[in-house]
Structures are given as C-alpha cells and as structure tokens.
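Novice: heads up, no residue letters with this:
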C-alpha cells in the first residue's frame, strides 16, 4: 500500500544504542494512562525521542496492563484497525505516522456523494477526547420502511472507507464492528433511497433508520440474488428476494408467484409448469423446508402446482437457503425457504391489492392503537368458476366442473415496549377441484402461531414461538356404487425458542424446537349405504421431533467471516401402533409377514438421533471478490411418499418409524464471487456435492394410499447430487438482469439385499428431476421511470422418464415391456415470458398508487412436454404421446394498487 | 385416484395439448413372449408363443409374429407331463382329455424353440379358491364426443376367499355377446358400377347376372365374440372382512350396436393366485392405470417367470396356474335406458371380430 508521510520530524542529535526502544519492556501499571504520557515517560528514562502530532493520539489510552510486554506490542495493539503506524529511525527515534489512504477515501466518498446531490447526514457517538480511539466499537441498529414501518431484511450497511459491511437480519437489525474513528457509512436496500452517514464513532452507538422507497428507478439495483450482489457480506447459498422485483417479472396468468421465482434460481429445477414445489440441488420436493412465519407448510401449491399458496402482497420478505444452512433450521435436507408475512403499520392504515384474471387479493394493515398495536389482514380468492365454464371444450364435464382456491392471513402485533413484542399470526389456504360425476378433491393448510420477541439488552435477544399447523386433504366420490370419502390429515403443534447474543466479533445463536406430529394416514368411508366401499381406518402415527442448536457467526476482521454451529435432533415415534413383522432372510412382502407387534399408548417404537454440524466461511479476497465455503449435515425425519413425477395433493407424508430411517444429507459447497466495474456486474461460480442416505423410492407398482404394509412397497437407498452453478448479473443502468447456467446431476442407488429390493438391478440411475443443463435469463429494461419491459427465458434438459420399449399381449391384455427406470428423457424444456409494467407516478405523497402488468407467458407458444404417456388406441397400438400443460402464448393483464 | 381428467380440465382451460411424442429409443429386438395358464377347469389349456412388437405397432393377436414349431411340455410335480400340440401358428394346446390342474399340485412348462433355445417356467402351485357369489352391473353414460360413445356397463362382483388361507385373487371377466354380420353384402367396384362380392362363408354367390344367389347356410354371419377385462382386477385380504370380497370392480363392457344385438353374458372367474403371479398382475394393473396418468408414476416393469436356460435373452410373459370358480349372468339389451339402435350392417365375416367364434358356445342360452 502506498503510504504518504504527512509528518516527519527528525532528531538533530543522534545517540546510538544497541537495543531498540521498541524492544524495551514496560514495567507495569500502565493501564488507564494515555499513550502520550507513556511515551513521555520513556523519553525521560531513555535516549529516545517520539515524534507525533498530539491530535492524533489524544484519547488513546492503554486498555490493559502491559507489564513485561515490549513497546512494539503496545503500539501494535493500540494502532490495530486505525490509520496510525510507526517508524523507527536508528534505534532512537520513533515517528508516529498516519496513513492518509482511509481519510482520502472517506473524503472522496463524501465528495462523490455531494456531486451526486446525495444527502449526507452527520452522526456522532462519543468524541476523540472522551472516548478511546484505539478500541473497536459497535454500531447497532434497526432499519425499517419509512412508510409502513416494516423491518427491511437484508439491507446493507457498508463502511466504504474500510470496505467492511453487514446486512440486516430477519428483524431488520444489524451489528457492525468498526475501529473507533471517522467513517462513511452507506445504507442500501433494493428500491430504497441510499442513505450516507458521515459517522464519527468513539463509543458503541445505535442507529435506527427509516428508509424511503426510491422514486428514482433508472439506475437502481435490481438483481434479487443477494448472494451475487453482496460479495463481501452474504453467506454461501443464501438468497434474499425483493417482493417488489418479483412483482415486476412476467407471471403465469397474472398471478405473481414466489415459487416460480425460486424455480429460476441457480441450482433449482422443477418437473414442469404444473409441478408443485421445486427441487434444489438434486433433492426431492419434500426436502425443502417452507416456513411461513416460522411454521412449516406441507403443501405450497394451488391448483396442483399452477400457483403457489402464498399471496405476494402478504409477504414481507423471503430468504432462501440452498447451501450453508444455519443450525437454526432442521428437518429438511435440501433447502429452507423462510417466508415472513407483513406486519401491520403502527402509524396509519394503508392497503394494497391486485386484480387478475384468475384471482384478486387485498391486504389491509394499520394501527389498532397507534405505535402499540397493529393489524395486517390479507385475502386472495378465485372468482367462482367462470374461467373454466367459459372455455369451449370437447370435454362434456368441463363446463360443470369447478376449480377454486383461496388463501388468507392475519397478523396482530402488539409492542409492550421497545424491547418486547408479541405477534399473533394466522394463515390458511384452501383448494377445491371437482369434475362432474367424478371425484371432488379438497386440500387445506392451517397455521397459527404466537410469537414473543424480547430483547434482554442491546446484545441479547430472544424469540419464542408457540404454534400449531394442520394439513389435510379429502377426496369425495359421489358414484352410487363406488362412492367414498377419503381423508388424510397431519396435525403438528410446535414450540420454538431462539436466542441471539452478540459480543465483540461473535454473534451467537442458540435455541430449541420441538414439534409433535399426529398423522392420520387415511380413512376411507362409503359415502352412502348403497356404496360398496368398505370402511377402512389406517392407524394413526404419533411422533415428536426435537432439536437444540448452537451457532456462532464470527467476524474475525474485514477479510474473514466464519459461521459454525451444530444441531442435535431427536425423533421419537411412539404408540399406540401395530408394527408388521416379517420373516428374516427374505424380502419384505405381505406374504412374508410373520406377525404384528403391538405398542401401547406412549410406548416408544423407535428413536433416532442426529448430530448436524454446519459451517460456512467467507474470505474476502479484496473489496470486489470473495471465496465462500459451506458444509452442512441435516437429518430429515418426514418423507413425502409419492410414486409420481410431480407431487400431488393426495400424496402422503410418512414419518420415520420402525422401518423408515431418517434421511441424512451431507453437502459441501465452495464458491467464488466477484464484482466488476464498480459493482455494475457481479458474477459467481459455485460448486457443490451432496450425498443423501436413506432416500426413499418405491417398488414398481407400489400402492401408497391406504397401504398398511407401506414398508413392503418402499425402498431406501443413496442419493447423490453434484453440480456447478454460475451466474452473472448486471445491476446498474437502464438494462439490468442476470443469466445463470447450472450443470448438475441427481442420481440414486437403491441396492437392497434381495432382488426385488433393487431398482435397475442396484445400479445408479437418474432421479425424476435430473436435468443436467439449466439456463435462466432474467432482465428488466427501464423504458422510463414508470415503464418497464421485463422478461425471462428458461431452458432445461428434459427430465428422465421410463418408457415402454415393446408391446405384447398376455391373457388378452395389452401390456408393455418397460425400460429400466428413468433411462430416457422427454424433450428439452424452454420458454420465454415477457411483461410490460406500467407503474403509477412516483410522487412521494399520493393517495393511490396503481400498477398495470401485461404479461405474455410462453411467448413463442412452445409445446413443452410436461409428461410423456402411452396410449392404447383400442386397436392394440401403444404409442407415446406428450402432454403440454401450456401449449400456446398466454397473455394476461393484472392491476395492482396500494394506498 | 389420480386421474387423467385431473389435468384435462386445467389443460383445456389454458389450451394445453396432447400430441404424439418423439422419444429416441434403441433399436428394437423381438423378444419371446409366453402367454398361458392352467386351471382346475377342464382343458384344453393354451400356451401362446410369439414375438413382442415395437412401440406403435399393433399387438393384435392376428398381427403378432408367431413362434412356430416349438416344443412345449407341460409338467406337474408328480411326474406327469404332456406335450402340447400346435393348433394354430404359435398357439399350443393340451389335449381335450389331457392334463387337468389340481389344487395343491405345481405346474410348469419347458419350451424348446426351433433354433434350439430352451426355456422353462418357475413352477406354480394351484392354491384353493373361493367362489364368486354375486355379479352386479351398472349402466354408465359415456363422455365421448360421439352419440352414445363410451356408454356401457360397469361390472362388479362379490366373492369369497378361502378361510384361514392367504388369498391372492384375480377376478377375471369374460363377456360374450351374440353378433350378426352380413358378409354377403360385400361389393366390389367394376366398370359401370358396384357388383356383389360375397364372402364364400356367407352361403351366397354372385350369378352371371351379377345377382346374389343363396347356395348354402351362412357360416360366418352369427358369432359370439369374447371381451375381456382390460385391467386385471386383483385383490387380497387387506380390504376384506371374513374372507369376503365385496363389490369388486371387475371390468367394463361397452354398450354398442354390436354388443346390444341380443344380450351379453358376463362370466366372472375367481382365480386363486400364487403371491408371485399376484404381483405380476398387480404390476400389469399398475401399468395399465399408470400409462395414461398425467402425474406419471414411472411404469412398472413386468417380471416374467420364464427363464432362459441356454441364452441370456430376456423373456416376456408368464405361465401361471390357478384354481378357478366361475359364475355368470346375462345383461339384456333392454337394460340400457334408451331404445338400442339396430345393429349396423357390417359387410364382413363375423369371425373377423377379435376373439370371436362362429360355433355356438355350450353355455349360451
């Protein structure tokens, strides 16, 4: 580093000495003295002179006793993290010098900001005189939206002069450790006005800011992927989403959809348009922990996966972890999607909503008692069945059918004081699907929770959540002879306590969680006395999943950050229950069952435990580049049992039990992140490998619903996934966007002891969602300050399928000889969507703010195959057909508003 | 539970589509298929040998490549055996008074092809069988685009298992109906117009004046075709109480001008299976149901019980043994809730209809 001496005094008289004064040891008792006084004492006792400007050293006090320590150590300690250093000349002159680089940078930053007419605010905590200049100090605080007072999650606090920064946590809080002194702090958040603080800080301080939404849109930062944007602050595999940006992207039938945006993230795939959920780095759909206000959601899909169950208007922020998952989370091995709903405004009532061709939604929020209690309520619903009923179709039943859904949430928040807050949160979603003369399918999610946030001090805070959730589905068939009702339910009350303690460079988190699961795996009943259906009640399954965790995020200095932790999880499956027993030495089949072991109420059937280490590390090579490494082991005790490519609402969740061991995943990832051209471009490449033990797959012809011998139809094996994710984003200018490419594989090996417990003869085979090549392109072009042209293009390799290779007759029934599992692929998938967004004017004070979105989904009308199936045309011909869910361009117009 | 129609509705709504798919598959190999069984009913029993067909080709029996001149020997576990006779190309039968299946005995077949390759089936023991106690039917209106298209009868059956015995049961449906065709009405185009061109079996000939002249009885105007269950109905004790299978859906018989010519005989055969054969039919059922399932469960690969002895070739099909008890009913043409249309004038021998015979079945009343 180039250094400029701004001051250099040289002594005229030189006396030679054999030993450097820097090696002379202090005698003790220096604690509390000023550095200047220590130097004066040394001058009196030794033939040495110190040259310095008093102003620089005023306030520097020895913070400990240095008895026996050489002076060199004292200087090194006191000057660490400051712009001061020292020179020794001929063993008798010590010159204290000041590196002006930081000061120049600070000045330059301020000058630049002034030129750009940015407002610079001055802020002071302590003074050089009163404070200790050689100490590290901590700036803590909280960021919120100036309009609705919602915390801003993932906002950046960056000391540009020393190139060090952090982001706000899920509550909008941050803690930044700085050397005492003067700094320039930049506060940034997507779509919000930047704030620049000229900070003078000599003691710990608190900075609570309200940021304004930015009226300037031509030069904004756009990219949603924080992992790419925050080269120096984010953790590996972590992405935060701006709901505002999601709303500006093209939407299927105008329905803004969070899950659809997840599906275009690097390393994420999906089985197709109508596929529920998403697959992360070769993991199954059930391996994603989707949390809504801290409670797991078991089914995130409306209309079989066309839309997600989350109303974009009701979401405050979203964090997605696909690697380096913190110890706080457990229970799903591939990813965490942490969704927090909006909190009501504590100052005034406001609202927002949207009108689309499928559904409309409305969110209202405001104070019940100003600054004390707020309420936020949202509702989204389809409009009866007019769309279905107006479609011309060859299907007679179509016009007598119904498809409908709704979802709603409510959140009541009360602040007892600045340190204590209680939140009541509720959420529900409902779907109904019916065909005339056929079955009616219904499925529901219910979540409710009470959350208490309390800060014991500025360093120590806690969150305790008590909640309960339920997921159920029901299939009703009204046929006279075969009519039935099939019902299924999971109920899961839960308690969770999280604590965070910050001290110095440590950010310690610890907590515990326990969830009781009551599975009602199925009840089949005749719907009338004429029905031939027999009543069948599957045994209920009870279990408790618990976990304790401890984690520590350590910011060693500007270059090194480490977050480590461990989670211990325990899973207990207990009675009453009947466990089928099978003959040893043969495969498990209903025919090899030898008996049943009965377990009484509360009697333990099986206990599984797991230690789950987590670690992520970031090395900041320079302000524009960093290397990040992550490792995690996670246990998953609940399994989605499905034998279809896309999960369906009537699939079942199976807890680990006597036969089904928990899935255990180990994932390691390493990435290189870099900015170019003053952060205009950002890029990263990340490599990962994942191994999942005890992954579930099914035997050919498995029956999963109402099967009391499920262990005879399911197999456990090993899943392996690996890949390279690359992304480059342009963040500034009228045209912004990103392109990412992922090469990944997802493979499985099921090699049981017996021949019928192997899949593909025990050889490795691709999973249903093994799609090696994935490309996603997202852009936004600002036509003006209010008009945008946005779009996305997605491509992925066709997913694997099992195909018939030959046809034959057996007992007059046409059958096919199928290939080994997943040995062929359906044609590749690619699609282009575009949208024109017309936003209202950006006046800061206005009553009504409306936005029009005109979307075109599947612009070039590609008939992307969702699935390939085989049809016998009645003449013995078995031919492959492909089904495209969306076979044409789908335009849609939607209007959203806020007031 | 998971039905194609799930998505058809939504697909219709947003203009999805179904069209032929092009999937690259390796070059086709014609694999040997074995199709036969023995029961406790009197013989003759049939074993068919033929070659599998490529995807997209017809697997109608008359279009299959028969495996001719093979030697098939049916054997039991007490030393009895019988060499089957090839009664048609690729169709091998036991003698009318030949071997008959007995409960408790095991049976298998040895096969030697003309090229010297040999195969044998895994022995199958005939297990005791219960009885079919009742057959019910229900008329259902179809959803087809055409007039009355898709109309038909859903067939259900009640049956019993064997007390204190693991029951693996297939309820097999054989529907027989009487049909009339008009092979004498065939014409052919010549210069100046159409002239009669009756099939020889019609009993008519064309005279010099190009007129039809009856010269004998028609041998191919009245037939009794058989229809079979398209998806095997299998069940085991999981869904039973006291070994009673109640209201099992067995199959569908279309109500057409042909089937409603007079009446339809429904025969339900209860067949006791070994666990291995039960699994085979379970996989057939899963495959049939899964083929057109939009959610696409990866389809089941059927495991044959025929082993190649002197080659590595994979063999398809099954030879199985079953105890059997049957029950039958008739469904009259007037059971449809409308006046049936008169039979259409099919100008072809009735024997052209698949699985039909022009010989009056002994059971036909």
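Specialist: That came through, no problem. Note that the structure is predicted; figures quoted are calculated from it, not measured.
Novice: What sits closest to the residue positioned nearest the centre of chain B if chain neighbours are left out?
Specialist: For chain B, residue B:228 is the residue whose C-alpha lies nearest the centre (C-alpha atoms, centre = their mean; 4.3 Å). Nearest residue to residue B:228, sequence neighbours excluded (C-beta to C-beta, 6 or more residues apart in numbering or on different chains): residue A:812, at 4.2 Å. C-betas here are computed from N, CA, C, even on glycine.
Novice: ok, how many other residues are close to that neighbour?
Specialist: 16 (other C-beta atoms under 10 Å in any protein chain shown).
Novice: got a list of what the spatially closest residue to residue A:453 that is not a sequence neighbour touches?
Specialist: Using C-beta to C-beta, 6+ apart and skipping the chain neighbours, the partner closest in space to residue A:453 is residue A:421 (4.5 Å). By C-beta atoms under 8 Å, 6 or more residues apart in numbering or on different chains, residue A:421 lies in contact with A:413-415, A:452-454.
Novice: on that earlier part again, can you tell me how far the residue nearest to residue B:228 is from residue B:37?
Specialist: Per C-beta to C-beta, to the nearest Å, residue A:812 is found 12 Å from residue B:37.
Novice: same check, this time on residue A:347
Specialist: For residue A:347, the distance to residue B:37 - C-beta to C-beta - is 81 Å.
Novice: Looking at these two, which has the bigger crowd around it?
Specialist: Counted by other C-beta under 10 Å, residue A:347 and residue B:37 do not tie: residue B:37 has more neighbours, with 20 against 15.
Novice: So for the strand or helix carrying the more buried one, mean pLDDT?
Specialist: In the assignment (DSSP states H and E), residue B:37 maps to strand B:32-39. Strand B:32-39 carries an average pLDDT of 95.
Novice: cool, and stretch A:165-177?
Specialist: For stretch A:165-177, mean pLDDT is 81.
Novice: For it, measure first residue to last.
Specialist: Stretch A:165-177 has an end-to-end distance of 9 Å (criterion: C-alpha to C-alpha, to the nearest Å).
Novice: Figure out how far stretch A:341-352 is from the centre of its chain.
Specialist: 24 Å (C-alpha atoms, centre = their mean, to the nearest Å).
Novice: do stretch A:309-324 as well
Specialist: Chain-centre distance of stretch A:309-324: 7 Å, with C-alpha atoms, centre = their mean.
Novice: again, but for stretch A:457-472
Specialist: With C-alpha atoms, centre = their mean, you get 18 Å for stretch A:457-472.
Novice: which parts of that stretch are buried?
Specialist: Buried residues in stretch A:457-472, defined by neighbour count with 16 or more other C-beta atoms under 10 Å in any protein chain shown: A:459, A:461-465, A:467-472.
Novice: Could you export those as TSV, including distance to chain B?
Specialist: Converted to TSV, those look like this (distance: C-beta to the nearest C-beta, whole Å):
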residue	distance to chain B
A:459	52
A:461	46
A:462	44
A:463	39
A:464	41
A:465	35
A:467	31
A:468	28
A:469	24
A:470	21
A:471	17
A:472	16
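Novice: In which helix or strand does the residue nearest to residue B:340 when sequence neighbours are not counted reside?
Specialist: In space, and not counting its chain neighbours, residue B:340 is closest to residue B:260: 4.3 Å by C-beta to C-beta, 6+ apart. Using DSSP H and E, residue B:260 sits in no helix or strand.
Novice: Quick check: pLDDT value at residue B:241.
Specialist: Per-residue confidence (pLDDT) for residue B:241: 59.
Novice: sorry, back to before: wait, isn't the residue nearest to residue B:340 in contact with residue B:339?
Specialist: No: the pair residue B:260 / residue B:339 is not scored as a contact, 10.1 Å apart, by C-beta atoms under 8 Å.
Novice: Comparing the two, which residue is more hemmed in?
Specialist: Ranked by neighbour count (other C-beta under 10 Å), residue B:260 and residue B:339 place residue B:260 first, with 24 against 8.
Novice: how near is that one to residue B:183?
Specialist: Distance, residue B:260 to residue B:183, by C-beta to C-beta: 21 Å.
Novice: If we go by neighbour counts, what in stretch A:615-626 is buried?
Specialist: So, applying 16+ other C-beta under 10 Å, buried residues of stretch A:615-626: A:615-618, A:620, A:623-626.
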